[in-house]
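Enquirer: return atomic coordinates for the entry below.
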Amino acid sequence: MTARVVEFDRTWSRFRDDGAVARLRAGETVDLGPDAPALLGLYDRLEALSDGAVNPLVGGGLEALGYDAGYSLRPMGAPVAAPAWSSARRDGSTLTLPEGSVLDVGAAGKGFLVDAVAAVVLATGQQCVVDASGDLAHHGPTSDAAPLGVALEHPADPSRAVGVAELAPGRALCGSATNRRAWGQDLHHVLDARDGRPARDVVATWVVAGSAAEADGLATALFFLDPVGNADRLAAAGWPDLEAVWLDATGLHATSSFTGEVFA
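Expert: Down below sits the predicted model:
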């Protein structure tokens with residue numbers, strides 16, 4: 001498991017100067033390995049679903065606001081829109097970006113790694129639950145693989161919950177909130193790639209899906225997409241059974257498909 005995590009970090013982290021992302025920034029064509037088709041293919045779907053709000057070239061915008069490799073946490077100027085995802089050239093597992101572009105797979109990458117770690121364990125014939133602090137995949141651990149009750153943390157008070165999800169075996173849950181990785185007034189890690197500005201209307205999202213990668217990516221997309229009003233688009237994009245809870249200025253909401261309980 002450690003080797004899998006180290007390999008993934010070396011390939012996909014934008015905080016390293018010795019990894020693949022640094023070479024992409026310099027304009028090189030880079031082979032990102034066997035994970036690339038699935039992970040970048042997921043971004044294709046998320047980018048189309050969110051009308052461009054979710055885009056893995058958002059790294060430059062995050063750096064402009066201070067979320068850089070040195071964690072300066074000081075904005076360096078006006079928000080910066082991401083280059084169009086269509087400007088990237090892909091061929092199998094290889095990727096070429098316009099020089100200076102910064103790849104950031106934070107919207108779905110941790111969930112993808114949760115699935116990868118679970119696969120390492122499952123390949124040994126063992127069951128597991130992988131919990132990566134906000135991303136959780138249920139593949140056991142008991143013989144009857146009962147659903148897990150998972151508290152949905154209140155974004156303003158980690159000692160409280162806004163609800164409980166009943167996570168069935170084979171399902172994954174991701175929660176995202178603007179208080180996670182926040183470093184100033186209205187400065188946080190969930191950016192709209194179209195203008196480089198942090199999301200404003202939605203405070204927190206929770207998504208249950210068939211994989212942690214999908215749950216992670218969709219939890220970000222739902223900062224820009226009403227899951228009820230866009231149910232047909234979600235179904236057409238391959239997520240007809242999406243379960244979601246989200247908190248915005250008008251209160252707490254859940255899709256009718258949500259398996260669990262919300263407290264307000």
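Enquirer: output the contacting helices and strands for the longest strand seen in the chain.
Expert: When the chain is parsed with DSSP state E, its longest strand is strand 157-167. Counting contacts by 3 or more C-beta pairs under 8 Å, 6 or more residues apart in numbering; DSSP states H and E, strand 157-167 packs against strand 148-154, strand 202-209, strand 243-248, strand 251-254, strand 260-262. Using the backbone N, CA and C atoms, a C-beta is placed for each residue, glycine as well.
Enquirer: so what strands line up beside the third one?
Expert: When you say that, I think you mean strand 243-248. strand 202-209 (antiparallel), strand 251-254 (antiparallel) (DSSP bridges).
Enquirer: could I get that strand in CSV with only the CA atoms?
Expert: Output of strand 243-248 as CSV, limited to C-alpha atoms (Å, rounded to 0.1, in the frame of the first residue of the first chain):
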residue,chain,number,x,y,z
GLU,A,243,-26.9,10.1,-3.5
ALA,A,244,-26.1,13.6,-2.4
VAL,A,245,-26.5,16.0,0.6
TRP,A,246,-25.5,19.6,0.4
LEU,A,247,-25.5,22.7,2.5
ASP,A,248,-26.0,26.2,1.1
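Enquirer: let me know the angle separating it from strand 157-167.
Expert: Strand 243-248 runs at 160 degrees relative to strand 157-167, counting by axes from the mean of the first three to the mean of the last three C-alpha atoms, to 10 degrees.
Enquirer: buried sites along strand 243-248?
Expert: E243, A244, V245, W246, L247 (16 or more other C-beta atoms under 10 Å).
Enquirer: between those, which is closest to L152?
Expert: Closest approach between the buried residues of strand 243-248 and L152, by C-beta to C-beta: V245, at 6.2 Å.
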